[in-house]
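Colleague: Sharing a sequence plus its predicted fold:
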Amino acid sequence: MQQTEPRRVDKFWLTLIERPAVFLLLVVIGLALLPVAVWMDLRSISDASLQAQAIDLDQTISKIRNYYAQNIIARVQDAPGDITPTHEYHDTPGGIPIPATLSIELGEVIGGNARNLEYRFVSDLPFEDRASHNLTAFEIQALEDFRESRDPEDIEIGYEGSIFSRKIRIASPVMLGEACVACHNSHPESPKTDWTVGDVRGIQAITISQPIAENLWAFRYLLLYFAGAGAIGAAVTGLQWHQATRFHRMNRNLEKANTEIASLNERLTSENLRLGAEIEVARQIQMMVLPTQDELGGIRELEIAAFMEPADEVGGDYYDVLQLDDRVKIGIGDVTGHGLESGVLMLMVQSVAVALQERGPSDPRQFLTALNSAICRNIKRTKTDKHLTLSFLDFEADKVTLSGQHEELIVLRPDGGCDIIDTVDLGFPIGLDDNIEPFIETRELVFGPGDIIILYTDGVTEAANPEGELFGLDRLVDSARRHNAPSAARVLEGLLTDVKAHIATQTVFDDITLLVIRHN
């Protein structure tokens, strides 16, 4: 399901891209619905406002009528005199309007000049000499509801109109009090004479209109905003459609390119398998030319422990133990970089060194000069830019002769002492110059029973932990002091443990090589 849904979405959008008219229509509809939604909200706000106005006006007129009936008419009736409450007070000397007449005329005063306000004080039982009030359906229904509930607080609310013009009607019951009952039952023109207190005589109806369309210009800023937003939306939509069309074309081109790439990948996979097999052969050859355990353990008076771990399938580190009769030469080197090209150069060095040990000069300076000359010819022939640092140690009796430039040499003494020998002035990188004889120097070191020499490549000192901190020479020397033991294998094991603990989960980026040589 997770795989099919994206394809359906993509198909939908691609369909829209290929039908710009449909896409544009959807955008226009979306933009048009926004002002409609706002308009509907405005209508709701208008309805709420009209309702509040109508209720306030209804309660105001009712309170005025009640106040008039209780504080004026009642006082006049309690103190008979020249003042007479009557609906014909205009034609009666000393006459004052009864509450119903007051309400009707007050409504006329309030709504007389207001086009949007209408007030009605009506009943379905008018006096005999008066015209019918022609009740509306809303007013008839309100009267029925009020007479059923007989609740003076009851109100009836109704809405009319369209989205462009709203009208609210509100009705409240006009109920008879004691004074009203006496008057109505005794009046000669009363439609009935059995009124009781609490009867609904009629209704007070208020109608307020709100012609929204006439006030449309009041929303000019909102309309201008919609117009601007719509124009920007249309422009952005057009730009997006244009971009989507371009991406659609690009995707089709990419699909075509991907098909071609897939074909190339199939060929590359086959080629990679072939190259992988060749690299594996090169790695096996490299591991095969390293000194065997029998060779390392077959040298009189020396105990040798060695470790090499390439960063790639084929490493660029070199070490070898060469023995011819009683001559023992141990070499260590580091080709720039790592990988297949560096590994091939390492094999060249190993082959030339073996040949020179058997047929070449025994003098350390001449040995390095001849090796460099042969390597330079091969580097020029293969057109590579690789070179390497390389040092050799020639062992005899209780001394060792050091030649060539490589990393520092560490010598541990049985009494706990430690010598660090710098090789920077003893040679020159192999493969950079045809003749390095002027740069080669030798140095003799005392190497007696119990002494230990530690050789390493920069993959050891430059090994980084997850925080990027290098292992460094100082840590290597401290580790060598702590693990100083009468066994080369134990010293090597301790050194490797510390290096691996420092690296932890960090990726190894360079070949790591360590040799520990102990004089028995």
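Modeller: Okay, I see it.
Colleague: which residues in the protein form helices?
Modeller: Assigned by DSSP state H, the helices in the chain fall at 4-18, 20-68, 74-78, 99-111, 137-149, 178-186, 220-289, 293-297, 340-359, 364-382, 458-461, 472-482, 488-503.
Colleague: Can you tell me which of those helices is most buried?
Modeller: Between these, the one whose residues have the most neighbours on average, counting mean count of other C-beta atoms under 10 Å, is helix 458-461 (a mean of 22). Quick note: C-beta positions are derived from backbone N, CA and C, even for glycine.
Colleague: could you dump it to PDB, C-alpha only?
Modeller: The C-alpha atoms that make up helix 458-461 are tabulated as PDB, following Å, rounded to 0.1, in the frame of the first residue of the first chain:
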ATOM      1  CA  ASP A 458      51.800   6.600  10.100                       C
ATOM      2  CA  GLY A 459      48.500   4.700  10.100                       C
ATOM      3  CA  VAL A 460      49.200   4.000  13.800                       C
ATOM      4  CA  THR A 461      50.000   7.500  15.000                       C
END
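Colleague: one step back: need the helices of the chain in CSV with distance to residue 397 and mean pLDDT, can you?
Modeller: Output for the helices of the chain, formatted as CSV (distance: least, C-beta to C-beta, whole Å; pLDDT from 0 to 100):
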stretch, distance to residue 397, mean pLDDT
helix 4-18, 78, 61
helix 20-68, 93, 76
helix 74-78, 144, 78
helix 99-111, 132, 77
helix 137-149, 129, 92
helix 178-186, 143, 81
helix 220-289, 29, 75
helix 293-297, 20, 86
helix 340-359, 19, 89
helix 364-382, 16, 94
helix 458-461, 30, 95
helix 472-482, 24, 96
helix 488-503, 19, 96
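Colleague: Of all those, which one is nearest residue 203?
Modeller: Proximity of those to residue 203 was assessed by C-beta to C-beta; the nearest stretch is helix 137-149, lying at 5.4 Å.
Colleague: and that closest one, what does it pack onto?
Modeller: Contacting helix 137-149 under the criterion 3 or more C-beta pairs under 8 Å, 6 or more residues apart in numbering; DSSP states H and E are the following elements: strand 156-161, strand 166-175, strand 200-210.
Colleague: Redo the ones you listed as CSV? Include mean pLDDT and distance to residue 448.
Modeller: What follows is the helices and strands packed on helix 137-149, written out as CSV (pLDDT from 0 to 100; distance: least, C-beta to C-beta, whole Å):
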stretch, mean pLDDT, distance to residue 448
strand 156-161, 85, 114
strand 166-175, 88, 113
strand 200-210, 87, 114
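Colleague: which stretch among the ones you listed comes nearest residue 308?
Modeller: Smallest distance to residue 308 across those (C-beta to C-beta): 92.0 Å, for strand 166-175.
Colleague: distance between stretch 386-395 and the chain's centre?
Modeller: Taking the mean of its C-alpha atoms, stretch 386-395 sits 53 Å from the chain's own mean (C-alpha atoms, centre = their mean, to the nearest Å).
Colleague: In JSON lines: the helices and strands packed on helix 137-149, plus distance to residue 388.
Modeller: Formatted as JSON lines, the helices and strands packed on helix 137-149 follow (distance: least, C-beta to C-beta, whole Å):
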{"stretch": "strand 156-161", "distance to residue 388": "96"}
{"stretch": "strand 166-175", "distance to residue 388": "94"}
{"stretch": "strand 200-210", "distance to residue 388": "95"}
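Colleague: To residue 460, which of those lies closest?
Modeller: Minimum separation from residue 460 across the helices and strands packed on helix 137-149 (C-beta to C-beta) falls at strand 166-175, 88.4 Å.
Colleague: The closest one - contacts with which helices or strands?
Modeller: For strand 166-175, the elements it packs on are helix 20-68, helix 137-149, strand 156-161, strand 200-210, judged by 3+ C-beta pairs under 8 Å, 6+ apart.
Colleague: Figure out which of these is closest to residue 412.
Modeller: So among these, helix 20-68 is nearest, using C-beta to C-beta, at 80.0 Å.
Colleague: Now do the closest one against strand 200-210, angle only.
Modeller: Here helix 20-68 points in a direction 140 degrees away from that of strand 200-210 (axes from the mean of the first three to the mean of the last three C-alpha atoms, to 10 degrees).
Colleague: can you give me the angle helix 20-68 makes with helix 99-111?
Modeller: Using the same axes, to 10 degrees, helix 20-68 lies at 140 degrees relative to helix 99-111.
Colleague: that older thread, save the helices and strands packed on helix 137-149 as JSON lines, and put in mean neighbour count too.
Modeller: Formatted as JSON lines, the entries for the helices and strands packed on helix 137-149 read as follows, by neighbours: other C-beta atoms under 10 Å:
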{"stretch": "strand 156-161", "mean neighbour count": "15"}
{"stretch": "strand 166-175", "mean neighbour count": "22"}
{"stretch": "strand 200-210", "mean neighbour count": "22"}
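Colleague: Please produce JSON lines containing the helices of the chain, extended by distance to residue 305.
Modeller: Converted to JSON lines, the helices of the chain look like this (distance: least, C-beta to C-beta, whole Å):
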{"stretch": "helix 4-18", "distance to residue 305": "58"}
{"stretch": "helix 20-68", "distance to residue 305": "75"}
{"stretch": "helix 74-78", "distance to residue 305": "125"}
{"stretch": "helix 99-111", "distance to residue 305": "114"}
{"stretch": "helix 137-149", "distance to residue 305": "109"}
{"stretch": "helix 178-186", "distance to residue 305": "124"}
{"stretch": "helix 220-289", "distance to residue 305": "17"}
{"stretch": "helix 293-297", "distance to residue 305": "7"}
{"stretch": "helix 340-359", "distance to residue 305": "19"}
{"stretch": "helix 364-382", "distance to residue 305": "24"}
{"stretch": "helix 458-461", "distance to residue 305": "14"}
{"stretch": "helix 472-482", "distance to residue 305": "13"}
{"stretch": "helix 488-503", "distance to residue 305": "4"}
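Colleague: nearest to residue 406, of those helices?
Modeller: Ranking the helices of the chain by proximity to residue 406 (C-beta to C-beta) places helix 458-461 first, at 9.1 Å.
Colleague: Against which helices or strands is the closest one packed?
Modeller: The helices and strands touching helix 458-461, judged by 3+ C-beta pairs under 8 Å, 6+ apart, are helix 472-482, strand 512-519.
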